[in-house]
Each structure stands twice: as C-alpha cells, then as structure tokens.
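> Structure, please.
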Amino acid sequence: MPGKFRRIGIRVPPTQSEIEAHEFARDVLLTGATRVGAQFTDPDDDWRPIWFVLTKTQGTIITPGADVEKYETTHYVGDLARRWGAVGIGHLHSSWLVIGPELAQRAYDQHGSTEGIDERIEVLLLATYTAGNARHYTARIERHDDTPPTLAPLELMFDTADAEDGMNVTGAMVDPLMSALERVG
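Numbers count the residues shown, from 1 in each chain. Below you'll find the model as predicted:
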C-alpha cells in the first residue's frame, strides 16, 4: 500500500498504562485538530481523517490518501499495530451524528445514514482504543457563513471502562483495532 498512506513518527514518553495510552492519543489528535483548524480560511474547510498508533515507546501519525476508504484504513492501521506491538490507537474524523434512541433508529432504518434527519449535528469524532476499552469523544463543529468552522470543547461521549451495564463497543472499525492491541500496565 505504498503511496496510499503517509506515516510520521513522533517521540513519546514511555507508556505505562492503558489510561496513559488513551490520554496521550487523545492529546496528540486534539492538538493536531486544533492546529489544522487554526489554518482554515473558508467556511467549507473540514478536518481530514487522521490516525495515531502508539507503542510503549513510539507514536506514529497516519493519514490516508483521499481515495482510501475507512475500512481499508482500519485494516491497514490494525495490521501495523499488530506488527509493532502497539498498546493504543486513536483516530479522528468529522462526522454527522444523531443523539437519542428515536433518531438513532431512524438512521439505522436508513442503513446507517443520517441524511435527511434535520436534528443531526456535525461533530469531530475522536476515538481512542486500548486492548481493554474504548473511549469516544465529540466536539461539535460550528459552521459560519463567512468565516472558517470552529470547534466546541471536546466532550467524552463514552468510556467502556466506566460503563455500569458492561457496555461493549463492537463493529467493523472497532473490532480489528482493539484485537490488534497488546495490554499494558
């Protein structure tokens, strides 16, 4: 897959626990998103998908090419994480989101699409994964008529480690990522 993905290595402090892995991946991605957003000049500017793979001693930022679809990227990142002995993965991308069971059911009935649902909101989704749990954060994207978009503060949407009901996250993107990771701490 040469040419489809760009990789940039960065120095990281030694990762001692899954909590540190989550927090470091979140901080790296949020800092990057903030820097990218600060360079926007048009109302239609948007955040491109970015991935972060964290081993105990190294971090790698991965950006897919414009023509690479998300499931191909997910498997590529999962394969790298497995080969490198990664302890954490993070990714962010802009997305449309609906909140609440009725709206979620409408989107599900539309094969996962939020198209045409007036109550949908545009967010920057930031997800971090370790072998033991997943965290998803959102920051609402605020669009303006004459100026570039801005981000509302980042909010934790869920952390599977805190779920009282044993909430588990699964899916075509989550499963290959979490299964590729080694436990730490």
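> Phi, psi for the nearest residue in space to residue 148 that is not next to it in sequence please.
Spatially, and ignoring its direct neighbours in sequence, residue 148 is nearest to residue 40 (3.5 Å; C-beta to C-beta, 6 or more residues apart in numbering). For every residue, glycine as well, the C-beta is placed using N, CA and C. Backbone torsions of residue 40, given as degrees, to the nearest 10, read phi -60, psi 150.
> Can you give me the distance of residue 40 to residue 137?
20 Å (C-beta to C-beta, to the nearest Å).
> more neighbours, the two?
Counted by other C-beta atoms under 10 Å, residue 40 and residue 137 do not tie: residue 137 has more neighbours, with 21 against 15.
> got the contact list for the more buried one?
26, 125-128, 154-157 (C-beta atoms under 8 Å, 6 or more residues apart in numbering).
> and residue 148, how many neighbours?
Neighbours of residue 148 using other C-beta under 10 Å come to 16.
> Can you say which helix or strand has it in it?
Using DSSP states H and E, residue 148 sits within no helix or strand.
> any idea how far residue 74 is from it?
Counting by C-beta to C-beta, the gap from residue 148 to residue 74 is 29 Å.
> Could you identify the longest helix within this protein?
If each helix of the chain is counted by residues according to DSSP state H, the longest one is helix 18-38.
> So what touches the next helix or strand after that one?
Moving toward the C-terminus from helix 18-38, the next helix or strand (DSSP H and E) is strand 50-54. By C-beta under 8 Å, 6+ apart, the residues outside strand 50-54 that reach it are 12, 15, 21, 24-25, 28-29, 32-33, 59-64, 73, 77, 80-81, 84, 86-93.
> what's in contact with the helix or strand following strand 50-54?
Downstream of strand 50-54, the first helix or strand assigned by DSSP H and E is strand 58-64. For strand 58-64, the external contacting residues (C-beta under 8 Å, 6+ apart) are 4-12, 24, 28, 32, 48-54, 72-73, 76-77, 80, 84.
> Buried ones among the residues you listed?
5, 12, 24, 28, 32, 49-54, 73, 76-77, 80, 84 (16 or more other C-beta atoms under 10 Å).
> Which of the three states applies to residue 96?
strand (DSSP: H, G, I helix; E, B strand; the rest coil).
> Around it, count how many other residues there are.
By other C-beta under 10 Å, 15 other residues sit near residue 96.
> Once you drop chain neighbours, what's closest to it?
residue 114 (4.3 Å).
> Perfect, that will be all.
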